[in-house]
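>>> here you go, sequence then predicted model.
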Amino acid sequence: MIVVMRSNCSDENIEHVLTFLKNQGLTGHPSVGAERTIIGVLGSVGPSGAPGGLGGINPTLGENLESLPGVESVLRVSKPYKLASREFHPEDTIVDVPTACVSEGVVHIGGNAVIMMAGPCTVETEKQLMTTAEAVRKEGAVILRGGAFKPSTSPYGFRGLGEDGLKLLAKARATFGMAVITEVMTPTDVPLVCEYADILQIGTRNMQNYMLLDAVGRTQKPVVLKRGMSATFEEWLLAAEYVLSQGNPNVILCERGIRTFEKATRNTMDISAFPLIERLSHLPIISDPSQGTGRRDLVGPMSLASIAAGTDALLIEVHPNPDEALKDGAQSLTLDQFQSLMPEAQAVARAVGRTFITG
């Protein structure tokens, strides 16, 4: 349910509505737009308008809300995800990430700008990480990606350096001024990863790990939520709802390809996700064409297509020597390939009326 306030309503009117909702066992979430304020109503509301679990105390909730001062109308929301929906939050969400390498000291994910996040899939050695970080920063990447904890389909695959990898990422951040995005895999790891990371990444296998989603939701760190490899848009947005419902508004969706019958690519990159998510949700959305295709020869074309379709950032895997990478070398760009991609990405951004922030 959404309460639409009149354009001339007062702060007292809004507070009155919030108090009324609280007394009904519901929670109101105000969203202030350019023209008017709307209040999203969270809680179990039955078909008659009565709060669920309250024995139908107020069977005319909608009518009573509409009678309050300053209220223009009351609308029902059909989406099962509320906080993530465009209906609840008409204005785009912009997620700010402190980044020393840009003049403002912060990059904004969402809106008209596009940014580059790049680095190795997995932190292997100090030399590998620092070489990659220096190269991608030189070309304009503003956020450094790198896995310290890595899930692996096989229990015998490389699973990351753990805290030692986090320390190396922190060293690279101090050296090159880039913010750090890295994956967190369990609720117990969240405090540790928060000490080192600027953005917490939830991988595809953990998209529906609800205890982990609750844990990152209790932080105020930006969270990149990757789409599950077999997830629908609704399931993906409901996963985002878990984070939002814990009080963390800084959620960034990430399209990274889905599993289909096709075997020529590791995953099938769903370019339709970008314009469709923009219609369904106010949250920013970014693209991971490395995981999305599993092939370095396709990373460049899919990066350009993602920008044209509306991505707010690219998340690219880069390695000094991909053929010797301990994990996912086949989808990692060489340093030269990344250098070639950046001017092309900036040109496409300009062509569709967007800016590309590099520093």
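Yep, it's here. Residues are numbered from 1 along each chain as shown.
>>> number of residues surrounding D11?
9 (other Cβ atoms under 10 Å). Where you see a C-beta, it was placed from the backbone N, CA and C, and this is true even at glycine.
>>> renumber starting at 666 from here on
Sure thing, new numbering starts at 666, so read that last one as D676.
>>> okay, now the unreliable bits of this structure?
709-724 (pLDDT under 70).
>>> just give me the residue right at the centre of it.
Taking Cα atoms, centre = their mean, the centroid of the chain lies closest to I917, which sits 1.3 Å from it.
>>> list phi and psi for that residue.
I917 adopts backbone torsions of phi -120, psi 120, taken as degrees, to the nearest 10.
>>> for A778, same thing?
Dihedral angles (degrees, to the nearest 10) for A778: phi -90, psi 150.
>>> returning to that earlier point: the residue nearest to the centre of the chain contacts P887, correct?
Yes: counting by Cβ atoms under 8 Å, I917 touches P887, with 6.2 Å between them.
>>> give the residues shared as contacts by these two.
Counting by Cβ atoms under 8 Å, 6 or more residues apart in numbering, the contacts common to I917 and P887 are V760, I774, I864.
>>> how about those residues in JSON lines, adding distance to V669?
Shown next, in JSON lines, are the shared contacts of I917 and P887 (distance: Cβ to Cβ, whole Å):
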{"residue": "V760", "distance to V669": "26"}
{"residue": "I774", "distance to V669": "28"}
{"residue": "I864", "distance to V669": "34"}
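>>> looking at these, state which has the most neighbours.
Using other Cβ under 10 Å as the neighbour test, these are led by I774, with 26 neighbours.
>>> quick one: contacts for it?
Residues near I774 by Cβ under 8 Å, 6+ apart: I759, V760, D761, V762, I780, P887, I917, P949, I951, D977, A978.
>>> for E899, see how far away it is.
For I774, the distance to E899 (Cβ to Cβ, to the nearest Å) stands at 23 Å.
>>> about what we covered before: for the contacts of I774, which one is nearest A837?
Lowest distance from A837 to the contacts of I774 (Cβ to Cβ) belongs to V762, with 15.6 Å.
>>> which SS state does that closest one fall under?
Classification of V762 by DSSP: H, G, I helix; E, B strand; the rest coil places it in strand.
>>> wait, doesn't it sit right on V845?
No: using Cβ under 8 Å, V762 makes no contact with V845, being 9.8 Å away.
>>> list residues touching both of these two?
Residues touching both V762 and V845 comprise I808, D863, I864, with contact defined as Cβ under 8 Å, 6+ apart.
>>> got the residue ranges for the helices in the protein?
Using DSSP state H, the helices of the chain run over residues 676-688, 726-731, 791-804, 828-841, 855-861, 875-882, 898-910, 938-945, 954-958, 961-974, 1000-1016.
>>> including distance to G868, could those go into TSV?
Formatted as TSV, the helices of the chain follow (distance: least, Cβ to Cβ, whole Å):
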stretch	distance to G868
helix 676-688	36
helix 726-731	40
helix 791-804	19
helix 828-841	15
helix 855-861	13
helix 875-882	10
helix 898-910	12
helix 938-945	17
helix 954-958	9
helix 961-974	18
helix 1000-1016	22
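>>> just say which of those is most tucked in.
Comparing the helices of the chain by mean neighbour count (mean count of other Cβ atoms under 10 Å), helix 954-958 ranks first with a mean of 28.
>>> which strands and helices sit next to that one?
Applying 3 or more Cβ pairs under 8 Å, 6 or more residues apart in numbering; DSSP states H and E, we find helix 954-958 packed against helix 961-974, strand 978-982.
>>> try 10 Å
Using 3 or more Cβ pairs under 10 Å, 6 or more residues apart in numbering; DSSP states H and E as the contact test, the elements touching helix 954-958 are strand 916-920, helix 961-974, strand 978-982.
>>> nearest to A837, of these?
Nearest of these to A837, taken as Cβ to Cβ: strand 978-982 at 15.4 Å.
>>> export the closest one as CSV, just CAs?
Coordinates of the C-alpha atoms in strand 978-982 are reproduced here as CSV (Å, rounded to 0.1, in the frame of the first residue of the first chain):
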residue,chain,number,x,y,z
ALA,A,978,28.8,0.4,-14.0
LEU,A,979,30.9,-2.4,-15.5
LEU,A,980,32.5,-5.1,-13.3
ILE,A,981,35.4,-6.6,-15.3
GLU,A,982,37.9,-9.3,-14.5
